[in-house]
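A.B. asks: Dropping a prediction and its sequence here:
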Amino acid sequence: MKVAAIVGARPQFVKAGPVSQAFAAAGHREILIHTGQHYDANMSQVFFSELGLPEPAVNLEVGSGPQGWQTGLMLMRLEEVFQAEQPDWVLVYGDTNSTLAGSLAACKLRLPLAHVEAGLRSFNRAMPEEHNRVLADHCADLLLCPTPTAVANLEHEGVVQGVHLVGDPMYDAVLQFAALARQRSTLAGELQLTSGGYAFATIHRPYNTDDPVQLQRLLKALSALDLPVVFPVHPRTRGALERWNVGTLERSNVRLLEPLGYLDTLALLQDAAILLTDSGGMQKEAFWLGVPCVTLRPETEWVETVAAGWNRLAWTDEAAILAAVRKPWPTEPPPQVFGQPGASTRIVKLMEEAAGGR
Ligand code: UD1
């Protein structure tokens, strides 16, 4: 089986890591195509080396730009690569512009398309990610869902063919790398952090970064915490802090860092007292690692983590964010709502079966 797998942004490198290993173990040929959506070394290269991903066969070097321009350029370039390679499958991950471009290019060339993380919905059409995932799902032949909620979301949209509950390859990555991260990472020591004695924060969603009032509110909430806060800053957020000049924090408990690699992130996250984030993937990583999470968004796709009591939504109100942090958290470990590990192997098996055992 020859698979063209499309990656472009940080969360996709993490999902592709274990799936790529499963392709190699089953003796399939994977052509990894990097769109170049994320291009800084600490947003891209570090994930390839740490997760053992093969070097991309092609880098489309699309880079940053307006939504339509970025997606359109990827679409044109992917079409050329697919025509030359004629893969048995195109595989896309998640909800980024790279996902949408890969899905449209495959669909228009009538190449079979598999979507990992199918069926996720925030029901917030203000997010480009929501358009991307709905459109990718409606193009896909094989819809690989992480949760029963995702399967139900697809059913509500009339998508029932080719839908499979497989679990989450990000879980495979956490299980594979959590202990190694703790051994390898020296960052907690360098930052003089003690286990359970700090908060971890990330912010990068446009609705949090592109409005100076909202960004200021979140920063004030972080600086009002009674804990040191480590905050690796996404390039979009760094740009906003400079543009709005809201980077001056009232207290010095917030430590702004450059974006971190996967192992440093996992190491710092697993020993954090709490995570405050607007990331999709980190809400799950915190859950699997038993770290409470306050999600700085009006909604989440990962409703299971909220229902289990390990994730709370708090967005525009500083007092609500602080209250969400301070209210007691569950004392029992998080329940197994994301199914068993091994999603990566199940994904490869389903693709094999649908390709007729090639
Ligand atoms: C994308 C995804 C989002 C995912 C996120 C993870 C879409 C619509 N969104 O958003 O689902 O959660 O990645 O980070 O695809 N930049 C750099 N260096 C880089 C990458 C980006 O400086 O290596 C800057 C650029 O100035 C750009 C901004 O960051 O304008 C945002 O990059 P963009 O490609 O729009 O993606 P993300 O916001 O990261």
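C.D. replies: Arrived safely, thanks for sending. Numbering: from 1, shown residues only.
A.B. asks: Who are the packing partners of the strand or helix carrying Ile33?
C.D. replies: Per DSSP states H and E, Ile33 falls inside strand 29-34. Counting contacts by 3 or more C-beta pairs under 8 Å, 6 or more residues apart in numbering; DSSP states H and E, strand 29-34 is packed against strand 2-7, helix 10-25, strand 58-59, helix 67-85. In this view, the C-beta of every residue, glycine as well, is placed from N, C-alpha and C.
A.B. asks: What are the buried residues along that strand?
C.D. replies: For strand 29-34, the neighbour count (16 or more other C-beta atoms under 10 Å) marks Glu30, Ile31, Leu32, Ile33, His34 as buried.
A.B. asks: try stretch 310-319
C.D. replies: Buried residues in stretch 310-319, counted by 16+ other C-beta under 10 Å: Trp310, Asn311, Arg312, Leu313, Ala314, Trp315, Glu318.
A.B. asks: Name the nearest residue to Ala118, ignoring sequence neighbours.
C.D. replies: If the residues on either side of it in the chain are set aside, Ala118 comes closest to Leu143, at 3.6 Å by C-beta to C-beta, 6 or more residues apart in numbering.
A.B. asks: hang on, the earlier thing: could you confirm whether the strand holding Ile33 reaches the ligand?
C.D. replies: No. Using C-beta under 6 Å from any ligand atom, strand 29-34 stays clear of the ligand, with a minimum separation of 11.4 Å.
A.B. asks: List the pairing partners of that strand within its sheet, with orientation.
C.D. replies: strand 2-7 (parallel), strand 58-59 (parallel) (DSSP bridges).
A.B. asks: Quick check: the gap between the closest residue to the ligand within the stretch 51-200 of the chain and Gly280.
C.D. replies: Among all residues of the stretch 51-200 of the chain, Thr96 sits closest to the ligand, at 3.1 Å; criterion: C-beta to the nearest ligand atom. Per C-beta to C-beta, to the nearest Å, Thr96 is found 10 Å from Gly280.
A.B. asks: residue ranges for the strands of the stretch 201-350 of the chain, please.
C.D. replies: Taking DSSP state E, counting those that start in this stretch to define them, one finds strands in the stretch 201-350 of the chain at 229-232, 254-257, 274-277, 293-295, 311-313.
A.B. asks: From the contact counts, what lies against the second one?
C.D. replies: Contact partners of strand 254-257 among helices and strands, from 3+ C-beta pairs under 8 Å, 6+ apart: helix 212-223, strand 229-232.
A.B. asks: Pull up the overlap in contacts between Thr96 and Gly280.
C.D. replies: Shared contacts of Thr96 and Gly280, defined by C-beta atoms under 8 Å, 6 or more residues apart in numbering, comprise Pro11, Glu129.
A.B. asks: okay, these two: which has more neighbours?
C.D. replies: Thr96 (28 against 22; other C-beta atoms under 10 Å).
A.B. asks: and Leu91, that one's in a helix?
C.D. replies: No. When DSSP: H, G, I helix; E, B strand; the rest coil is applied, Leu91 is found to be strand, with no helix at that position.
A.B. asks: ok, the closest residue to it other than its chain neighbours - contacts?
C.D. replies: Among residues not flanking Leu91 along the chain, Ala5 sits closest, at 4.4 Å (C-beta to C-beta, 6+ apart). Contact analysis of Ala5 by C-beta under 8 Å, 6+ apart lists Ala16, Val19, Ser20, Glu30, Ile31, Leu32, Ile33, Val90, Leu91, Val92, Tyr93.
A.B. asks: Please determine how far Ala355 is located from the ligand.
C.D. replies: 28 Å (C-beta to the nearest ligand atom, to the nearest Å).
A.B. asks: mind checking pLDDT for that residue?
C.D. replies: Looking at Ala355, its pLDDT stands at 91.
A.B. asks: Likewise for Leu249?
C.D. replies: 63.
A.B. asks: quick one: what helix or strand has Asp172 in it?
C.D. replies: helix 169-184.
A.B. asks: Next one: that helix, is it in contact with the ligand?
C.D. replies: No. Helix 169-184 is not in contact with the ligand by C-beta under 6 Å from any ligand atom; minimum separation 12.5 Å.
A.B. asks: Number of residues surrounding the residue nearest to Ala118?
C.D. replies: When neighbours are counted by other C-beta under 10 Å, Leu143 registers 26.
A.B. asks: same thing with Asp211?
C.D. replies: Residues near Asp211, counting by other C-beta under 10 Å: 14.
A.B. asks: With Met76 instead?
C.D. replies: Counted by other C-beta under 10 Å, the residues lying close to Met76 total 12.
A.B. asks: same check, this time on Phe47
C.D. replies: 25.
A.B. asks: Return the residues of this structure in contact with the ligand.
C.D. replies: Taking C-beta under 6 Å from any ligand atom as the contact definition, the chain meets the ligand at 9-11, 37-40, 43, 64, 95-97, 128-129, 204, 234-236, 239, 280.
A.B. asks: shaky segments in the protein?
C.D. replies: Within the chain, the segments meeting pLDDT under 70 span 247-251, 357-358.
A.B. asks: Spit out the contact partners of the residue nearest the centre of it.
C.D. replies: Most central in the chain under C-alpha atoms, centre = their mean is Pro11, positioned 3.4 Å from the mean C-alpha point. Residues in contact with Pro11 (C-beta under 8 Å, 6+ apart) are Tyr93, Gly94, Thr96, Met170, Ser279, Gly280, Gly281.
A.B. asks: From Val163, how far off is Gly119?
C.D. replies: In terms of C-beta to C-beta, Gly119 sits 7 Å off from Val163.
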